[in-house]
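**Q** everything below, folded, please.
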Amino acid sequence: MKKSYIIGAIIIVLAMVMAMYSFKSTLTSYVSVSEAKVSKCPVQVAGIVVKGSKRYDLKSNSLFFTLREDSGDEMVVQYDGPRPANLDDVTKIVAIGQYEPKKQVFAARELLVKCPTKYEGRVKGK
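**A** Residues are numbered from 1 along each chain as shown. Below is the predicted model:
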C-alpha cells in the first residue's frame, strides 16, 4: 500500500475518534433528584415548580425555585440569567446543570419549560 493511503486512513480514524468523544461529552442524561445530587457531571432533572417557591433576585440576576419530581423528591434550583417569560404557566420544567453540594443547590445552566396545551391552539393560529 502507498504511504498516502495509510496516512489518510490514520487521519480518518483520528477524526472519527475525536467526533465520538465530542458527541459523548455534550450528552446530558435524565436523572432523578437523588442521582443529580451525587453526579459529578452535568445532568437533566425534570419535574414541576413547587407553588410559592419561586424567587427572583434582581441584584444577582438569579432565579431560585424548588423542583419536585414525580416521586416527591425535591431540590432547590438556581438559574443565573433572565427569568423565563412563561414561568408562571409552566406545567413541567427541565433543569440542565450540576448539583453544588456546598451551596446545596442545583446550578442550572439552562431551563426548558413546557407550557399547558391551552397555548397550542394559539401557535397554530386557531
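**Q** and the strands in this structure?
**A** Along the chain, counting by DSSP state E, strands occupy 43-49, 55-57, 62-68, 74-80, 92-100, 105-114.
**Q** turn those strands into TSV, including distance to A19, mean neighbour count and mean pLDDT.
**A** Heads up, the C-betas are built off the backbone N, CA and C, glycines and all. Converted to TSV, the strands of the chain look like this (distance: least, Cβ to Cβ, whole Å; neighbours: other Cβ atoms under 10 Å; pLDDT from 0 to 100):
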stretch	distance to A19	mean neighbour count	mean pLDDT
strand 43-49	23	20	92
strand 55-57	40	12	88
strand 62-68	34	19	93
strand 74-80	31	19	94
strand 92-100	22	18	92
strand 105-114	23	17	91
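**Q** most centrally placed residue in this protein?
**A** I96 (1.6 Å; Cα atoms, centre = their mean).
**Q** wait, it sits on A36?
**A** No - counting by Cβ atoms under 8 Å, I96 does not reach A36; the two are 10.4 Å apart.
**Q** between the two, what contacts are shared?
**A** Listed as contacting both I96 and A36 by Cβ atoms under 8 Å, 6 or more residues apart in numbering are V43.
**Q** how far is stretch 66-78 from where the chain is centred?
**A** The chain centroid and the centroid of stretch 66-78 are separated by 14 Å under Cα atoms, centre = their mean, to the nearest Å.
**Q** can you give me the offset of the longest helix along the chain from its chain's centre?
**A** Longest helix in the chain by number of residues, with DSSP state H as the criterion: helix 3-26. Helix 3-26 has its C-alpha centroid displaced from the chain centroid by 29 Å (Cα atoms, centre = their mean).
**Q** stretch 71-85 too?
**A** 10 Å.
**Q** how about residues contacting that stretch?
**A** Here stretch 71-85 has contacts from 32-34, 36-37, 45, 50, 56, 60-68, 90, 95, 97, 99, 103-108, 111, 113, using Cβ under 8 Å, 6+ apart.
**Q** do that again at 6 Å, thanks
**A** 33-34, 56, 62-68, 95, 105-108, 111, 113 (Cβ atoms under 6 Å, 6 or more residues apart in numbering).
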